[in-house]
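**Student:** Quick one, fold the following:
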Amino acid sequence: MIAIIGATGTIGNELLRRLMELSVPVRALTREPDKLRQQMGDLGLSKVEICAADANDPESMRRALEGASQLFLALSNSPRQVELETSIIQIAAQEGIEHIVKISSPAYEKSSPVAVAGWHAEIEQALVASGLIYTVLRPYAFMQNLLRLAPTITTQDVFFGCIGDSPCNFIDCRDIADVAAVALTNQKPACGIYTLTGSETFTYPQIADKLSTLLNRPIRFINLKPEALRSDLIVHGHMPPWLAEHVVEIQTMSTAVPEKPTNTVQSLLGREPRTLDAFLQENRNSFQARR
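**Tutor:** Numbers count the residues shown, from 1 in each chain. I've put the predicted structure just below:
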């Protein structure tokens, strides 16, 4: 039995679909069972065991993990990340979980620190110390997060950042889910740490050019100072301060630490990663003008 923590999240939801297609015994752990049922629609949820569980309630997690042998761990980032995921790892070891596939973040860089990456580094240390078989997946920026730029693109033909013209790795969350599915069904890769990217890097000005061509109207990228972007994300994007700080930190890191693509997805899946062009085309309607 494979248990999934994060089944309503972008990666976890795609992974659940993959495992359902493979008819693998799977248990989806979620605080919101009704939300998950609504997300999945008529995709054969009779094949899935849905279990109400909350990372804030260790006993609910203990009950939900009983009888499972593998665990996919992908909590949403939060200031309590280390506390919650470390607790889950400890409970998993006590309940007989043999293998954990954890979604992490790119490696922590002392020269350009990202707080969330530091949290994940602590959790990775706890996972290694647990003695369990582990697969740590470190994906770079999700293509799906580009959809968060849509509000200003659709109304003002512009989007903002503080990344300048630094190249950035992007990966489709569906590729991350595919790698996780391989790890969970074949237990390969296991006991390893894998950095996941697409096959190319792109700058934000290049993304603006791609959107301009796709939408047949000029789209601009405006580079802000970090403090201005942070303020904009809090005031106009309604982000909590810690999350706005995270966005600024990862963009600042991209300007300080050059990003290059890896071939990990291709080597693990035997195919090239999904492309940014295909993702933008698929989501074209999300960026159409709304005035």
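
**Student:** What segments of the stretch 51-200 of the chain are strands?
**Tutor:** 70-73, 99-103, 133-139, 141-142, 158-161, 168-171, 192-196 (DSSP state E, counting those that start in this stretch).

**Student:** Name the residues of the fifth one that are buried.
**Tutor:** Within strand 158-161, the residues that count as buried by 16 or more other C-beta atoms under 10 Å are 159-161. Any C-beta I mention is one placed from the backbone N, CA and C, and that applies to glycine too.

**Student:** Tell me, please, the helix or strand in the protein that averages the lowest pLDDT.
**Tutor:** Here the helix or strand of the chain ranked lowest by mean pLDDT, DSSP states H and E is helix 33-40, holding a mean of 79.

**Student:** could I get that one in CSV with only the CA atoms?
**Tutor:** Taking Å, rounded to 0.1, in the frame of the first residue of the first chain, the C-alpha atoms of helix 33-40 are listed here in CSV:
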residue,chain,number,x,y,z
PRO,A,33,-11.7,14.4,1.7
ASP,A,34,-14.5,16.2,0.0
LYS,A,35,-12.1,18.6,-1.8
LEU,A,36,-10.1,15.6,-3.1
ARG,A,37,-13.3,13.8,-4.3
GLN,A,38,-14.3,17.0,-6.1
GLN,A,39,-10.8,17.3,-7.7
MET,A,40,-10.8,13.8,-9.0
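
**Student:** Off-centre distance for it?
**Tutor:** Distance of helix 33-40 from the chain centroid (C-alpha atoms, centre = their mean, to the nearest Å) equals 19 Å.

**Student:** Which strands and helices lie in contact with it?
**Tutor:** Judged by 3 or more C-beta pairs under 8 Å, 6 or more residues apart in numbering; DSSP states H and E, the packing partners of helix 33-40 are helix 10-21, strand 48-52.

**Student:** distance of I207 from F221?
**Tutor:** Counting by C-beta to C-beta, to the nearest Å, the gap from I207 to F221 is 7 Å.

**Student:** Now the strands of the stretch 51-200 of the chain in TSV, please, with extra columns for distance to E83 and mean pLDDT.
**Tutor:** Output for the strands of the stretch 51-200 of the chain, formatted as TSV (distance: least, C-beta to C-beta, whole Å; pLDDT from 0 to 100):
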stretch	distance to E83	mean pLDDT
strand 70-73	14	95
strand 99-103	15	95
strand 133-139	19	95
strand 141-142	24	92
strand 158-161	31	94
strand 168-171	27	95
strand 192-196	22	94
